[in-house]
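>>> heads up, no residue letters with this:
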């Protein structure tokens, strides 16, 4: 799967999560930690925001860029594994 396709799948999952959260349904994003969800939301520009750079995200969460990259990699792997298991 190409990086663009995998990010589209993640964005779709996040949209589903946001909808289920509003309806009080099952939250598929619980497979990610709160920090991973935050980084994904900032990376993808959800909640009416523009997508943020890794440097901007690092500043927001108070960590280095390498930590942001690791969090993005972990959360992406978790979500893709979950999607492939559906």
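Now that the structure is in, tell me what you want to look at. Please read these numbers as outputs of a predicted model, since none were measured by experiment.

>>> residues contacting residue 43?
51-52, 57, 72 (CB atoms under 8 Å, 6 or more residues apart in numbering). Every residue, glycine included, has its C-beta placed from N, CA and C.

>>> close enough to count as contact, residue 61 and residue 37?
No. Contact criterion CB atoms under 8 Å: residue 61 and residue 37 do not qualify, at 11.7 Å.

>>> between these two, which one's more packed in?
residue 37 (18 against 15; other CB atoms under 10 Å).

>>> and the pLDDT for residue 21?
Predicted confidence (pLDDT) for residue 21: 51.

>>> return the distance of residue 75 relative to residue 31.
9 Å (CB to CB, to the nearest Å).

>>> so which of the two has more stuff around it?
Set residue 75 next to residue 31 and count neighbours by other CB under 10 Å: residue 75 wins out with 22 against 15.

>>> shaky segments in the chain?
Within the chain, the segments meeting pLDDT under 70 span 1-7, 13-30, 86.
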